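Chemist: pasting the sequence and the predicted coordinates here, then a few questions.
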Amino acid sequence: MKRNLLILIAVLLVGVLVVGCGGSQEASVKADKIVVGATPVPHAEILNDVVKGLLEKEGITLEVKEFTDYVTPNLALADGSIDANFFQHTPYLNNFAEERGLDLVSIAKVHVEPIGLYSKKISKLEELKDGSVIAIPSDATNEGRALLLLESKGLIKLSDKAGLTATPVDIVENPKNLEFKELEAAQLPRVLKDVTAAIINTNYALEADLVPTKDALIIEGSESPYANILAVRTEDKDNETLQKLVKALNSPEVKEYIADKYKGAIVPAF
């Protein structure tokens, strides 16, 4: 009886090991289909208008899932709901992944979306009055990016110890006593009428029918280190199908599309 029980246990253990090995060898990305999470403008536009057609020629179907925030796309990527995402820059990805304990990595730079200062109440910086309210993104990297932009124009001075993730606490000089309102990035265009000005990411500015090259009072230059990237799970970074997606995103066709459609509002980073 004991001998039969031991044999049964051994068989069950072998079965578990075989299933486990088979599961670990299973590809996490299909060879003929990629599901990419993206914010609507310009990311989903680039994917749908250009990249989808390029991948079809390779026998690959591209499905684009749109997200309207900066949190869900990384969580969806980490849990396997999507194969890649295209909406963020590397500092944001690294900070988010570290905070959440996610194993995600960038495999391609695509374009730079210069962040800018917009207003419905003033038409130039000189009109900023004492105590003006400036709305800025609340996420760690874009908040620091916004403050660095203001510092570059002499509106504030940050502590020498403040890095890319600076917050209003790091402001050591504020001659105009600017008041900062920290909000989720997607909300910034909607509060523009309620504040003196707001620093808005280009994708959300475009969705709100703002033209960065015309409407921004100040804007980052093309030398910005905040290039938008294609992110994947680290285990998939060398996946052949995803590398075909990289090739399509860094293609001459995408470069031409960006130049023609966005007229300098975003610039290629490849």
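Modeler: Yep, that arrived.
Chemist: run a quick neighbour tally on Glu240.
Modeler: 9 (other Cβ atoms under 10 Å). C-beta: built from backbone N, CA, C; applies to glycine.
Chemist: show me where the stretch 151-270 of the chain has its strands.
Modeler: For the stretch 151-270 of the chain, the strands defined by DSSP state E, counting those that start in this stretch cover 157-158, 171-173, 179-183, 197-200, 218-219, 227-233, 267-268.
Chemist: so of the ones you listed, which one's packed in deepest?
Modeler: strand 197-200 (a mean of 28; mean count of other Cβ atoms under 10 Å).
Chemist: that one - what's its average pLDDT?
Modeler: What strand 197-200 shows for mean pLDDT is 98.
Chemist: for stretch 72-92, same thing?
Modeler: According to the model, stretch 72-92 has a mean pLDDT of 97.
Chemist: may I see the buried residues of that stretch?
Modeler: Burial within stretch 72-92, assessed by neighbour count using 16 or more other Cβ atoms under 10 Å, is assigned to 72-78, 82-92.
Chemist: in space, not sequence, find me the middle residue of the protein.
Modeler: In the chain, the centroid-proximal residue (Cα atoms, centre = their mean) is Gln88; its distance is 1.1 Å.
Chemist: show me the buried residues of stretch 72-92 that map onto strands.
Modeler: Within those, residues falling in strands by DSSP state E are Ala84, Asn85, Phe86, Phe87, Gln88, His89.
Chemist: from what I can see the fifth one touches Thr72, true?
Modeler: When you say that, I think you mean Gln88. No. Using Cβ atoms under 8 Å, Gln88 makes no contact with Thr72, being 11.7 Å away.
Chemist: which strand in this structure runs the most residues?
Modeler: strand 104-112.
Chemist: got the buried residues for it?
Modeler: Leu104, Val105, Ser106, Ile107, Ala108, Lys109, Val110, His111, Val112.
Chemist: just the angle for it relative to strand 227-233, thanks.
Modeler: 150 degrees (axes from the mean of the first three to the mean of the last three Cα atoms, to 10 degrees).
Chemist: strand 104-112 pairs with which strands, and in what direction?
Modeler: Sheet pairing of strand 104-112 (DSSP bridges) gives strand 227-233 (antiparallel), strand 267-268 (antiparallel).
Chemist: now the shortest one: average pLDDT?
Modeler: Averaging pLDDT along strand 267-268 yields 91.
Chemist: also the longest one?
Modeler: Throughout strand 227-233, pLDDT has a mean value of 97.
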